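Novice: no sequence on this one, just coordinates:
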């Protein structure tokens with residue numbers, strides 16, 4: 001199945017640290033990379049921290065049925081295995097401190113709604129507003145947000161060490177509340193020897209109040225629509241998603257859209273039309289990546305889910321809105337390499353350029369290029385495997401292992417074009433843009449853009 005999902009078009013594999021042991025995670029990441037190499041592919045690995053467990057405990061009978069109007073107690077002192085029709089234990093012991101009479105609690109992704117009637121030191125006494133079946137270990141949210149659990153738990157701190165050992169390309173931090181959470185995760189990952197980028201999962205309502213600070217501190221944001229939708233309401237999700245995608249791109253950050261994108265494919269071999277529209281709209285809005293969760297983690301048709309998502313993305317990317325851009329048209333750039341990146345894609349969009357070859361060390365030039373809507377493929381040519389794995393998440397960017405043999409700049413240009421020819425991306429007569437630095441091997445050194453015609457590398461005007 002791993003071979004099948006690689007063939008179906010997966011770019012990044014997410015490892016969920018809520019399940020499994022460190023040894024299992026390390027083994028899975030290695031297996032992914034081994035199979036990717038066998039297919040001649042680069043696959044990124046994203047490690048997803050569990051975050052605080054804001055959940056109920058277990059029921060003695062496994063589940064109960066809550067009737068509207070009934071009294072139900074969330075009890076932090078109750079036996080974790082002995083929940084019943086009247087009360088259930090809570091893993092998050094600080095819950096009573098975050099609540100007051102009149103608050104609304106939402107359980108199981110909002111399927112159960114409880115109105116808070118009374119709060120004591122250890123109990124939250126509620127009236128059932130929307131009832132139904134409730135089973136073990138379901139999540140708890142407060143409508144409107146406001147639960148104070150820290151983003152990083154002791155388990156997360158240990159798991160960050162595992163992510164470093166795995167050489168994770170990305171580390172996702174759950175329930176981020178502030179830029180401080182992001183900075184702390186980055187510090188811990190670096191101290192453990194990891195070099196991966198930090199993904200902030202936007203899933204708390206209160207995170208939206210400081211979201212620009214969070215994005216600025218992050219490399220990537222993930223729009224985690226499950227918990228976020230529960231806290232802000234389902235009708236609030238579409239405008240928030242669109243705003244976050246636009247904001248992420250404006251701030252030169254990568255954006256992942258996640259949760260229930262093709263949920264029906266857990267059991268069905270085809271998606272619903274609504275799911276097709278959901279994925280396509282995220283692409284049209286500018287997201288870098290769309291993510292599958294249970295569809296591939298526990299679903300019956302992982303490869304078919306990826307293939308379905310792949311074909312929807314490809315079709316959406318053909319639309320004009322995804323190939324034209326006014327991104328940062330009025331901006332002043334603070335770095336030469338950033339200005340080169342912007343100029344390259346604008347030139348490519350207004351000249352019949354077939355591909356962009358970005359000779360890069362860190363991948364930054366390719367990232368800036370990918371912020372501008374364009375149907376033109378960007379090839380990140382680099383000798384660094386970490387950079388090749390990182391750019392797998394960047395929209396429209398393709399990693400290429402590139403070790404130039406030539407010493408002169410024009411020889412390196414020819415090798416880059418030859419690589420695109422080998423891939424069948426270009427042919428004689430096509431225009432290609434090449435970006436690189438005078439000092440090859442220097443981070444942040446991109447300072448030149450060259451337009452060449454395949455088959456004529458003389459450097460004469462075309």
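Specialist: Perfect, I can see it now. Keep in mind that what you see is a predicted model, and the values were worked out from it rather than measured.

Novice: Check which helices and strands the helix or strand encompassing residue 15 sits against.
Specialist: Here residue 15, judged by DSSP states H and E, is contained in strand 12-16. Helices and strands touching strand 12-16, by 3 or more Cβ pairs under 8 Å, 6 or more residues apart in numbering; DSSP states H and E, are helix 22-38, strand 44-48. In this view, the C-beta of every residue, glycine as well, is placed from N, C-alpha and C.

Novice: how does it look with 6 Å?
Specialist: When contacts are defined as 3 or more Cβ pairs under 6 Å, 6 or more residues apart in numbering; DSSP states H and E, strand 12-16 sits against strand 44-48.

Novice: Quick one: list the elements packing against the helix or strand bottoming out on mean pLDDT in the chain.
Specialist: When the helices and strands of the chain are scored by mean pLDDT, DSSP states H and E, helix 336-350 comes last with a mean of 89. Here helix 336-350 touches helix 364-370, strand 431-437, strand 446-453, going by 3+ Cβ pairs under 6 Å, 6+ apart.

Novice: just how off-centre is the second one within its chain?
Specialist: Taking Cα atoms, centre = their mean, to the nearest Å, one finds strand 431-437 lying 29 Å from the centre of the chain it belongs to.

Novice: Just give the strands next to it in its sheet, each with its orientation.
Specialist: Strand 431-437 pairs in its sheet with strand 353-359 (parallel), strand 446-453 (antiparallel), by DSSP bridges.

Novice: Mind checking these for the one nearest to residue 74?
Specialist: strand 353-359 (53.1 Å; Cβ to Cβ).

Novice: just how off-centre is the closest one within its chain?
Specialist: What separates the centre of strand 353-359 from the centre of its chain is 25 Å, taken as Cα atoms, centre = their mean.

Novice: Which residue is the nearest non-sequential neighbour of residue 398?
Specialist: In space, and not counting its chain neighbours, residue 398 is closest to residue 379: 5.2 Å by Cβ to Cβ, 6 or more residues apart in numbering.

Novice: what's the spacing between the one you found and residue 24?
Specialist: Distance check for residue 379 against residue 24: by Cβ to Cβ, to the nearest Å, it reads 35 Å.

Novice: Show me which of those two is the more surrounded one.
Specialist: residue 379 (25 against 12; other Cβ atoms under 10 Å).

Novice: could you list every residue that touches the more buried one?
Specialist: Neighbouring residues of residue 379 by Cβ atoms under 6 Å, 6 or more residues apart in numbering: 357, 398, 400.

Novice: you'd agree it is in a strand?
Specialist: Yes. Counting by DSSP: H, G, I helix; E, B strand; the rest coil, residue 379 is part of a strand.

Novice: separation between it and residue 3?
Specialist: 25 Å.

Novice: Return the most buried member of the strands paired with strand 431-437.
Specialist: strand 353-359 (a mean of 24; mean count of other Cβ atoms under 10 Å).

Novice: Find the helix or strand that the most centrally placed residue in the chain is a member of.
Specialist: The chain has residue 256 as the residue nearest its centroid, 3.5 Å off, counting by Cα atoms, centre = their mean. Using DSSP H and E, the element containing residue 256 is strand 254-258.

Novice: Would you mind listing the outside residues contacting that strand?
Specialist: Contacts for strand 254-258 (Cβ under 6 Å, 6+ apart): 220-224, 245, 248, 282, 287-291, 393.

Novice: so that strand versus strand 44-48, what angle?
Specialist: Here the directions of strand 254-258 and strand 44-48 differ by 60 degrees (axes from the mean of the first three to the mean of the last three Cα atoms, to 10 degrees).

Novice: Tell me which strands strand 254-258 pairs with, and in which orientation.
Specialist: strand 220-224 (parallel), strand 289-290 (parallel).

Novice: And the following helix or strand past that strand, what does it pack against?
Specialist: Downstream of strand 254-258, the next assigned helix or strand under DSSP H and E is helix 273-285. In terms of contacts (3+ Cβ pairs under 6 Å, 6+ apart), helix 273-285 is packed against helix 302-316.

Novice: please redo it, this time with the cut-off set to 10 Å
Specialist: If contacts are counted by 3 or more Cβ pairs under 10 Å, 6 or more residues apart in numbering; DSSP states H and E, helix 273-285 sits against helix 237-250, strand 254-258, strand 289-290, helix 302-316.

Novice: Arrange these in CSV, one row each, with distance to residue 50 and mean pLDDT as further columns.
Specialist: Shown next, in CSV, are the helices and strands packed on helix 273-285 (distance: least, Cβ to Cβ, whole Å; pLDDT from 0 to 100):
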stretch, distance to residue 50, mean pLDDT
helix 237-250, 23, 97
strand 254-258, 15, 98
strand 289-290, 21, 98
helix 302-316, 22, 97
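
Novice: and those as CSV, adding distance to residue 36?
Specialist: Shown next, in CSV, are those (distance: least, Cβ to Cβ, whole Å):
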stretch, distance to residue 36
helix 237-250, 26
strand 254-258, 19
strand 289-290, 17
helix 302-316, 14
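
Novice: quick one: residue 350 from residue 372, how far?
Specialist: As judged by Cβ to Cβ, residue 350 and residue 372 stand 12 Å apart.

Novice: Same check on residue 379?
Specialist: Applying Cβ to Cβ, the value for residue 379 to residue 372 is 16 Å.

Novice: Likewise for residue 114?
Specialist: Note on residue 114: its distance to residue 372, by Cβ to Cβ, is 47 Å.

Novice: repeat for residue 99
Specialist: 46 Å.

Novice: of the two, who's got more company?
Specialist: Neighbour count, other Cβ under 10 Å: between residue 99 and residue 372, residue 372 has more, with 24 against 20.

Novice: Residue 366 is in contact with the more buried one, correct?
Specialist: No. Applying Cβ atoms under 10 Å, one finds residue 372 not in contact with residue 366, separated by 11.6 Å.

Novice: Tell me the residues that contact both of these two, please.
Specialist: Residues within reach of residue 372 and of residue 366 at once, by Cβ atoms under 10 Å, 6 or more residues apart in numbering, are 341, 378, 396.

Novice: Can you tell me which of these is nearest residue 445?
Specialist: Nearest to residue 445, judged by Cβ to Cβ, of the shared contacts of residue 372 and residue 366 is residue 341 at 12.8 Å.

Novice: And for the closest one, nearest residue in space, chain neighbours not counted?
Specialist: residue 368 (3.6 Å).

Novice: coming back round to it: ok, and which of the helices and strands packed on helix 273-285 has the densest surroundings?
Specialist: Using mean count of other Cβ under 10 Å, strand 254-258 ranks as the most buried of the helices and strands packed on helix 273-285, with a mean of 25.

Novice: Quick one: work out the angle between that one and helix 237-250.
Specialist: For strand 254-258 against helix 237-250, the angle by the same axes, to 10 degrees is 160 degrees.

Novice: Tell me how far strand 254-258 lies from the chain's centre.
Specialist: Its chain's average C-alpha position is 4 Å from that of strand 254-258, according to Cα atoms, centre = their mean.
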